[in-house]
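S.K.: sequence unknown, structure follows:
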């Protein structure tokens, strides 16, 4: 089973360019007024709409602290926090804002994970 999270944006081209060029997603499918982007097993459909979804939090996770640090250096201008360890959740993460001022998180888990593939 798979799924897609749909999020509304006022500027489909700008948001798709940001997630593809800066975050490393790729275009999975294009439809009228919709661009579905993929990052490994995550599918996000951005839909052109006058209403804007800003309350969501998009989280991208990576296998290592080094990968999170690499993303931090790539997105330092958009970052709202520096990378840090969160002991409560046993993660290493930082937060940033996308062009719609939507919060995005980049993290790695600091513990073993169940298989997900």
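M.R.: Ah, there it is. All values derive from a computational prediction rather than experimental measurement.
S.K.: residue ranges of the strands in this structure, please?
M.R.: 5-9, 26-31, 34-39, 42-48, 57-61, 84-86, 91-97, 103-109 (DSSP state E).
S.K.: Could you name whichever residue is most remote from the centre of this structure?
M.R.: Computed with C-alpha atoms, centre = their mean, the residue of the chain farthest from its C-alpha average is residue 32, at 22.4 Å.
S.K.: Let me have the strands of the chain in a markdown table, adding mean pLDDT as columns.
M.R.: Compiled in a markdown table, those are given as follows (pLDDT from 0 to 100):
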| stretch | mean pLDDT |
| --- | --- |
| strand 5-9 | 95 |
| strand 26-31 | 96 |
| strand 34-39 | 96 |
| strand 42-48 | 95 |
| strand 57-61 | 94 |
| strand 84-86 | 98 |
| strand 91-97 | 98 |
| strand 103-109 | 97 |
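S.K.: which one of those strands lies closest to residue 115?
M.R.: Distance to residue 115, taken as C-beta to C-beta, is lowest for strand 103-109 among the strands of the chain, at 13.2 Å. For every residue, glycine as well, the C-beta is placed using N, CA and C.
S.K.: which residues touch the longest helix seen in the chain?
M.R.: Secondary structure of the chain per DSSP state H: the longest helix is helix 65-74. By C-beta atoms under 8 Å, 6 or more residues apart in numbering, the residues outside helix 65-74 that reach it are 22-23, 60, 62, 79, 82-83, 92-94, 106-108.
S.K.: now, the most widely separated pair of those?
M.R.: 22 and 92 (20.0 Å).
S.K.: Please identify which of those two sits among more neighbours.
M.R.: residue 92 (21 against 16; other C-beta atoms under 10 Å).
S.K.: partners of the more buried one in the sheet?
M.R.: Taking DSSP bridges as the rule, residue 92 bridges to residue 85, residue 108.
S.K.: Does it touch residue 105 like I think?
M.R.: No. At 11.0 Å, residue 92 and residue 105 do not qualify as touching, with contact defined as C-beta atoms under 8 Å.
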